[in-house]
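Return a 3D structure for these sequence lines:
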Amino acid sequence: MTSSPPPPKKFINEPSNSVSEVIQGMLIQYPNKLRKLQNHNVLLSSSINYEKVNILSGGGSGHEPSHAGWIGSGMLTGAILGGIFASPSVASILAAVRAVTKIGEGKGCLLVVKNYTGDRLNFGMACEMANSEGRLCRMVIVKDDCALPRTKGITGARGVAGTVLIHKIAGAAAEQGMDLDAVV
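Residues are numbered from 1 along each chain as shown. Predicted structure coming up:
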């Protein structure tokens, strides 16, 4: 008697290609709404308005359709995708910020970051680098979490569920034309 293989747990063809396949799938699904930033795992809205605050978010992949699924009017301008459960690189985050801001003009960019050490470090460094180039950029860290006790210290409260609410609130404020300080 031949035993059959166990049922699949995930819809993944090959783990090493999963991030690029998610990006390809999103581009196929929304060809007129999204574009990929060349040489980076970054998805952006196909229409960038520099006269409003542009909102970027991201983090490790594996939570799809988060964050790329939240790109749209009144939400995110773009999403920076890291590897599976790994923070995106500073270079990719900075490239995304550069794509949605102009030096010395426009309303700038808000980075919405979950409270993971790698995300805090990489998004924070990219934010500082963007500001040093003369780009208006701020960062907020979301750290809601009911799964971990508040006493866990700096690594507790990861900001998983509430992040989408921050995307929506900040996105709505940006759509109304508020400046970066008001959106933050």
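
Setting the sequence-adjacent residues aside, check what's closest to Ser87.
In space, and not counting its chain neighbours, Ser87 is closest to Gly118: 3.3 Å by Cβ to Cβ, 6 or more residues apart in numbering. Heads up, the C-betas are built off the backbone N, CA and C, glycines and all.

The one you found touches Val90, doesn't it?
No - judged on Cβ atoms under 8 Å, Gly118 makes no contact with Val90 at a distance of 10.3 Å.

residue ranges of the helices in the protein, please?
For the chain, the helices defined by DSSP state H occupy 18-29, 90-100, 117-132, 163-175, 180-183.

Kindly reformat these as a markdown table containing mean neighbour count, distance to Gly69 and mean pLDDT.
Output for these, formatted as a markdown table (neighbours: other Cβ atoms under 10 Å; distance: least, Cβ to Cβ, whole Å; pLDDT from 0 to 100):
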| stretch | mean neighbour count | distance to Gly69 | mean pLDDT |
| --- | --- | --- | --- |
| helix 18-29 | 16 | 8 | 93 |
| helix 90-100 | 22 | 16 | 98 |
| helix 117-132 | 18 | 18 | 96 |
| helix 163-175 | 19 | 10 | 95 |
| helix 180-183 | 16 | 21 | 97 |
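
closest one to Asn54 among those helices?
Nearest of those to Asn54, taken as Cβ to Cβ: helix 90-100 at 3.8 Å.

Just the CA coordinates for that closest one, please, in CSV.
Taking C-alpha atoms only, helix 90-100 is exported to CSV below (Å, rounded to 0.1, in the frame of the first residue of the first chain):
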residue,chain,number,x,y,z
VAL,A,90,17.4,50.1,4.2
ALA,A,91,18.2,50.5,0.5
SER,A,92,14.7,49.3,-0.6
ILE,A,93,13.0,51.5,2.0
LEU,A,94,15.0,54.5,1.0
ALA,A,95,14.3,53.9,-2.7
ALA,A,96,10.6,53.8,-1.9
VAL,A,97,10.8,57.1,0.0
ARG,A,98,12.8,58.7,-2.8
ALA,A,99,10.0,57.5,-5.3
VAL,A,100,7.2,59.3,-3.3
